[in-house]
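In: sequence? don't have it. structure:
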C-alpha cells in the first residue's frame, strides 16, 4: 500500500509540468492556432524562471518570497514573448503555423541551453543555481505536516508544493472560462469559424493574440517547474536539456484530452505515472530505456485511437492550424 501511495504521489509531481503545457496549448488551440513550439516555450520559461531569482540574489536580495514572484513573472513573460513572436508571424504575417512552431521549439531550446550553460560557467561554483531558501519555496509542501501525515489521503492530497495546486486550479478555471463565460464562448467560436465570429462582431485577431500569448505563458510555468522542482531534476539548478520532450508530450496530450481542461487532469496524471513507473514497479528483464520510451509509445497509440473516433466531441476546432484571411470571408 505504501509503495502504491508513493507511486501515485510521484505520478502527481511528474504530471504537473505536463498539465501546465496541456492547459496552455489547449487555450491556444481553442483559438484556432496550432503552436508546436510548446517545447521551446517551456525551455524559455525554465531558463528565465531560474535566471530571475539568480540575479536577484546576486544583487543582494534575500527575500525568498520576492524571489518566487520574480521567478513566476520571468517565466510567464519570457514564454509569453515566445508566443507573441509566434502570433506576429502566424496571425499578422500569416506564416505557416507548423513551420513557425517548429522554429520556435528550436529557438527556445537553443536559447535556454546556451544561457543556462553560459551563466553557469561564469559563476564561481561552476553551475547556475539559486539559494536553498528559494529551492524550498518551490519544493516544500504548503500544508501543515499534520495533514500530510494523515493515513492514505495525507500524502496524496496534502504533501505537495504550491505549483501542483496551482496547476489544478488553472485547469478548473480554464474549464469554467471556456464553458461558462461569454468570452470563452467567443474564443471557441473564433476557433471553430473565424469568419462567422468576425461577422458577429467578434475581434478575431485580438482573441487569437490573447489566447496564444496567455497559453504560451502558461506553458512557461511547466518549464519553471522542471527547473525548480527536485522531483523533476536537480531542483533550483540548471540542468542541460531539462525539458527533455515534455513539450511534445503536452501537445499530444491535448488531443488525448480532446481539448478538455478537466480531462487534461487525468491524462496528465496517467502519463506522469508512466514516466516514473520504473522506479516503483521495475521488471527485471525489461531494460530501463524501455521504461523511458513507454510514455511516447502510449502517446502514439492514443493518437491513433482518437483519430479513429469520428465523434464530433473528439474533433479539434474546425479552423485549427489555418490562417484567417478576412478578405476571403
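Out: Yep, that arrived. Just so it is clear, the structure is predicted and the values come from calculations on it, not from any experiment.
In: Okay, residue 161 and residue 9: tell me how far apart.
Out: Separation of residue 161 from residue 9 (Cβ to Cβ, to the nearest Å): 12 Å. Every C-beta, even on glycine, is put in place using the N, C-alpha and C of the backbone.
In: who has more neighbours, these two?
Out: residue 161 (21 against 17; other Cβ atoms under 10 Å).
In: Pretty sure that one sits against residue 142.
Out: Yes - Residue 161 is in contact with residue 142 according to Cβ atoms under 8 Å; the separation is 6.7 Å.
In: residues contacting residue 129?
Out: 54, 120, 123, 234, 236, 237, 238 (Cβ atoms under 8 Å, 6 or more residues apart in numbering).
In: what's the spacing between the last one and residue 47?
Out: Here residue 238 is placed at a distance of 7 Å from residue 47 (Cβ to Cβ).
In: Could you pull out the residues contacting both of the two?
Out: In contact with both residue 238 and residue 47: 116, 227, using Cβ under 8 Å, 6+ apart.
In: So for these two, which sits in the more crowded spot?
Out: More crowded of residue 238 and residue 47, by other Cβ under 10 Å: residue 47, with 29 against 25.
In: And the helix or strand containing the more buried one, what does it pack against?
Out: Using DSSP states H and E, residue 47 maps to helix 38-58. Here helix 38-58 touches helix 2-30, helix 64-87, helix 97-122, helix 204-228, helix 246-256, going by 3 or more Cβ pairs under 8 Å, 6 or more residues apart in numbering; DSSP states H and E.
In: Nearest to residue 154, out of those helices?
Out: Residue 154 lies closest to helix 2-30 among those, at 9.2 Å (Cβ to Cβ).
In: just checking, what packs against that closest one?
Out: Using 3+ Cβ pairs under 8 Å, 6+ apart, helix 2-30 sits against helix 38-58, helix 153-158, helix 162-180, helix 182-192, helix 204-228, helix 246-256, helix 261-275, helix 277-280.
In: by contact count, what packs against the fifth one?
Out: If I follow you right, that is helix 204-228. So helix 204-228, by 3+ Cβ pairs under 8 Å, 6+ apart, packs with helix 2-30, helix 38-58, helix 64-87, helix 132-139, helix 162-180, helix 182-192, helix 194-199, helix 246-256.
In: Return the most buried member of these.
Out: Mean neighbours per residue, mean count of other Cβ atoms under 10 Å, is largest over the helices and strands packed on helix 204-228 for helix 38-58, with a mean of 28.
In: for the contacts of residue 129, which one is nearest residue 157?
Out: Of those, the one sitting nearest to residue 157 (Cβ to Cβ) turns out to be residue 236, at 24.7 Å.
In: Got phi/psi on the closest one?
Out: phi 80, psi 10 (degrees, to the nearest 10).
In: Could you give the number of residues near it?
Out: Around residue 236 there are 25 residues (other Cβ under 10 Å).
In: go on, residue 111?
Out: 17.
In: Excluding chain neighbours, give the residue nearest to it in space.
Out: Using Cβ to Cβ, 6 or more residues apart in numbering and skipping residues adjacent in sequence, the residue nearest residue 111 is residue 44, 6.2 Å away.
In: Surely the one you found touches residue 109?
Out: No - judged on Cβ under 8 Å, residue 44 makes no contact with residue 109 at a distance of 9.1 Å.
In: what mean pLDDT does stretch 302-317 have?
Out: The average of the pLDDT scores along stretch 302-317 is 73.
In: Check stretch 83-93 too.
Out: 96.
In: gap between the two ends of it?
Out: 14 Å (Cα to Cα, to the nearest Å).
In: Go ahead and confirm residue 109 touches residue 43.
Out: Yes - if you go by Cβ under 8 Å, residue 109 and residue 43 touch, sitting 5.1 Å apart.
In: what is in contact with these two at once?
Out: residue 243.
In: With distance to residue 156 and pLDDT added, can I get the contacts of residue 129 in CSV?
Out: Output for the contacts of residue 129, formatted as CSV (distance: Cβ to Cβ, whole Å; pLDDT from 0 to 100):
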residue, distance to residue 156, pLDDT
54, 33, 96
120, 36, 93
123, 38, 91
234, 25, 62
236, 25, 89
237, 28, 90
238, 31, 93
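In: Let me have these in TSV, extended by distance to residue 182.
Out: Converted to TSV, those look like this (distance: Cβ to Cβ, whole Å):
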residue	distance to residue 182
54	42
120	47
123	50
234	45
236	42
237	45
238	43
